[in-house]
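**Student:** requesting a structural model of the entry that follows:
(one chain, ligands or ions: 1)
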Amino acid sequence: MSSLADASPSFPFQMNKLFITAAVIVLIGLLLNYLSSPSTDPREPPLVKPRIPVIGHLVGLIRYQNEYFTRLGKRASKGICSVPLFGSITYVMWDSNLIQSAFRNKDLSFVPFIVYVPREVDQGGVPEKDQDTNLRLEFAKAMTEGMARDRISQMNGTALKYITKELGAFGDGESVIDNAYVWVRNLMTVATTEALYGSANPLREQPSLVYDLWRFDEDLPTLLLGLFPSYTAPEGLEARHRLEHALGEYYHNKKDANSDVSAVTHQRANVIRKFVTTGRTIGVHELALLHVSTSNSIPTLFWFFAHIVTRPALVERIRDELMRMVGDNAGGTVTINLDVLTEECPLIVSCYREAIRISNGAVSNREVLADTTIQDGEGRSYLLKAGNSVRIPLDHLHKDTEAWGHDLAQFSSDRFLQADAAKAKLRRTSYAPFGGGKHLCPGRNFAFGENLGFMVSFILSFDVAPQDGNWEAFVPPKMDKCTAADAVCKPAHNGAGFGIRIKRREGWESTTWKFTSGGVDLLNL
Ligand code: HEM
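**Tutor:** Next up, the predicted model:
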């Protein structure tokens, strides 16, 4: 009987080689499996291993950005899971009860991230002593105080003054706007930065910085990776340097002490001044304030704008609603009280909330400061261990069919008008576009004031038509997926192809606008 041994005199050697190769493969497999599944406490949320050992989650994050967390949700057996990432565990949660419980938990904090992001983007330009945790706490306090109600009113007043001046500058004839997204974006970037920086606003003084801001924003996910940025994101990097330089000069020359500067700009800068030696370094830190104030609010306004102006019947309903509030325009002055908009003009506010719902792709970040336990709606508890981080993909809440219905992918102007008590309760826990708890976005009321103020004055002042006259094809542009640096998704290709014609409405040629809040005339603050 022939055998393999007969067929090959080197059989024992080959067997050895085969055995060693198999053993090495098994060992590598075990090692990869070990690295992909670090030991967790059975009380921690169930582990979701990467599909490609070790690097799978990282690859998924780079490929799908924020959407990766929602994709993980489809693989997880519970409303929360543990994901091995960057050598530690990240807890990702989708269950609305767990999310609310996490937002309320004082041991889950955003504070450790506050200075971390700008320093990472900066790559070493900030002195060591910045690492002092007091900076983060003082910084968080400056933010909260700087965004108190009266401070927001002042910011809204400055922004709305600029918006009404710009809209007022259109002549009575028809104007063509080739790209409505870029138009809204540029106008609102200057309006917002007027509110932040006052009359020495570097972005009004150097308009090319407006382009730089959005170029930086586009490359931010790559810059955050920090892998050879001068090769991987050269334009974004250069734009960032120009912005930092301009802001550095602003803070170095103490322009933030001017009386028309927002409290938040001035107070944050004063905290940083305690920790750094040169005013120019503040420009590096405070690019974060400029970015966070514009990057989410302005794309949100665009979707709000685009979904309304492409629906002429909706425009008419909104105008009727607004006219019931403002009376007539015969005297030439129209007063908008921002405080009563929600009650008196529920349709336009419903459109705003719906635009936020469909475009929001935010992921809230928290660090676990001390071992803590959170509970889901069915009484199950999960242990979260100190030092690990938490990611909460908020768009998952906004895509819950039970709360929002099966047409949730479509914009529905009336969605926030109709809900019985039970549904309204469910929706309250399924809507968190501004995050929650102690770190709930401090800019949400400012965004409401400037976005509603823009839309109310625009919609009453102008008629809109598609640039090419084709109403059937006049729909909002496609939406890009949210990057890891975005809380709000942007239009694909920067909205190219969404052109409009606008014409001032008869009787609204020389309206004077007045905005009030808390009984105060915002434009005269
Ligand atoms: C529609 C517009 C906006 C959206 C959707 C939005 C969304 C968010 C979200 C989801 C967070 C994280 C909250 C959390 O994790 O719980 C956040 C935080 C923050 N937002 Fe906004 N935001 C908007 C506008 C603004 C504006 C206009 C400003 C500034 C003027 C601003 C300043 C901030 C700051 C400073 C934080 C960090 C909060 C902290 O440190 O505790 N946001 N925002």
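
**Student:** what ranges do the strands span in the stretch 251-400 of the chain?
**Tutor:** 333-337, 363-368, 372-375, 381-384, 389-393 (DSSP state E, counting those that start in this stretch).

**Student:** tell me the strands beside the third one, with direction?
**Tutor:** Each strand pairing with strand 372-375, determined using DSSP bridges, is listed with its direction: strand 381-384 (antiparallel).

**Student:** indicate which one of the strands of the stretch 251-400 of the chain is closest to the ligand.
**Tutor:** Taking CB to the nearest ligand atom, strand 363-368 is the member of the strands of the stretch 251-400 of the chain nearest to the ligand, at 3.3 Å. Using the backbone N, CA and C atoms, a C-beta is placed for each residue, glycine as well.

**Student:** show me what the closest one is packed up against.
**Tutor:** strand 108-109, strand 389-393 (3 or more CB pairs under 8 Å, 6 or more residues apart in numbering; DSSP states H and E).

**Student:** any idea how far stretch 490-498 is from the chain center?
**Tutor:** Centroid separation for stretch 490-498 versus its chain: 18 Å, with CA atoms, centre = their mean, to the nearest Å.

**Student:** may I see the buried residues of it?
**Tutor:** Neighbour-count burial for stretch 490-498 flags 490-491, 494-495, 497-498 (criterion: 16 or more other CB atoms under 10 Å).

**Student:** and what of stretch 144-151?
**Tutor:** For stretch 144-151, by 16+ other CB under 10 Å, it's 146-147, 151.

**Student:** may I see these arranged in a markdown table, with secondary structure and distance to the ligand as well?
**Tutor:** Formatted as a markdown table, the buried residues of stretch 144-151 follow (DSSP: H, G, I helix; E, B strand; the rest coil; distance: CB to the nearest ligand atom, whole Å):
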| residue | secondary structure | distance to the ligand |
| --- | --- | --- |
| 146 | helix | 9 |
| 147 | coil | 7 |
| 151 | helix | 10 |
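
**Student:** kindly report the residues of the protein close to the ligand.
**Tutor:** Selection of the chain residues close to the ligand by CB under 6 Å from any ligand atom yields 110, 114, 140, 143, 292-293, 296-297, 300, 356, 360, 362, 364, 433-436, 439-444, 446-447, 487-488.

**Student:** tell me the one of the buried residues of stretch 144-151 nearest residue 47?
**Tutor:** Distance ranking of those against residue 47, using CB to CB, places residue 147 first at 38.7 Å.

**Student:** wait, the closest one touches residue 443, no?
**Tutor:** Yes: using CB atoms under 8 Å, residue 147 is in contact with residue 443, at 6.6 Å.

**Student:** make a markdown table out of the helices and strands packed on strand 363-368 and add mean pLDDT and mean neighbour count.
**Tutor:** Formatted as a markdown table, these follow (pLDDT from 0 to 100; neighbours: other CB atoms under 10 Å):
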| stretch | mean pLDDT | mean neighbour count |
| --- | --- | --- |
| strand 108-109 | 93 | 24 |
| strand 389-393 | 95 | 23 |
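
**Student:** and the protein, what are its domains?
**Tutor:** Domains of the chain are assigned by automatic domain parsing as 1-35, 39-119+369-393, 128-362+433-520.

**Student:** okay, the ones you listed in a markdown table with distance to residue 411 next?
**Tutor:** Listed next are these as a markdown table, based on distance: least, CB to CB, whole Å:
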| stretch | distance to residue 411 |
| --- | --- |
| domain 1-35 | 44 |
| domain 39-119+369-393 | 19 |
| domain 128-362+433-520 | 5 |
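
**Student:** residue 109 touches residue 366, doesn't it?
**Tutor:** Yes: with contact defined as CB under 8 Å, residue 109 and residue 366 form a contacting pair (6.1 Å).

**Student:** between these two, what contacts are shared?
**Tutor:** Common contact partners of residue 109 and residue 366 (CB atoms under 8 Å, 6 or more residues apart in numbering): residue 439.

**Student:** pLDDT weak spots in the stretch 351-500 of the chain?
**Tutor:** Across the stretch 351-500 of the chain, nothing is flagged by pLDDT under 70.

**Student:** wait, the chain
**Tutor:** Scanning the chain for pLDDT under 70 picks out 1-15, 23-38, 115-133.

**Student:** if you set the cut-off to 80 instead, what comes out?
**Tutor:** 1-39, 54, 86, 112-137, 275-279, 330-331, 418-419, 525 (pLDDT under 80).

**Student:** can you give me the strands in the stretch 101-250 of the chain?
**Tutor:** 108-109, 174-177.

**Student:** my error: substitute the stretch 401-525 of the chain in the last question.
**Tutor:** Using DSSP E, counting those that start in this stretch, strands in the stretch 401-525 of the chain cover 462-466, 500-504, 512-517, 520-521.

**Student:** can I get those strands in JSON lines including mean neighbour count?
**Tutor:** JSON lines is the format used below for the strands of the stretch 401-525 of the chain (neighbours: other CB atoms under 10 Å):
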{"stretch": "strand 462-466", "mean neighbour count": "17"}
{"stretch": "strand 500-504", "mean neighbour count": "19"}
{"stretch": "strand 512-517", "mean neighbour count": "20"}
{"stretch": "strand 520-521", "mean neighbour count": "14"}
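
**Student:** for residue 241, find the nearest of these.
**Tutor:** Here strand 500-504 is closest among these (CB to CB), at 34.4 Å.

**Student:** which strands and helices sit next to that closest one?
**Tutor:** So strand 500-504, by 3+ CB pairs under 8 Å, 6+ apart, packs with strand 174-177, strand 462-466.

**Student:** redo those as JSON lines? Include distance to residue 286.
**Tutor:** Listed next are those as JSON lines, based on distance: least, CB to CB, whole Å:
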{"stretch": "strand 174-177", "distance to residue 286": "31"}
{"stretch": "strand 462-466", "distance to residue 286": "35"}
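
**Student:** can you check which of those strands gets nearest to residue 75?
**Tutor:** Here strand 462-466 is closest among the helices and strands packed on strand 500-504 (CB to CB), at 42.3 Å.

**Student:** now for the helices and strands packed on strand 363-368, which one comes closest to residue 268?
**Tutor:** Of all the helices and strands packed on strand 363-368, strand 108-109 comes closest under CB to CB, at 18.6 Å.

**Student:** burial count for residue 373?
**Tutor:** Per other CB atoms under 10 Å, the neighbour tally for residue 373 reads 12.

**Student:** wait, what's in contact with it?
**Tutor:** 43, 381-384.

**Student:** of those, select the buried ones using a ChimeraX command.
**Tutor:** The ChimeraX command for the buried members of the contacts of residue 373 (criterion: 16+ other CB under 10 Å) is given here:
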select :382,383,384
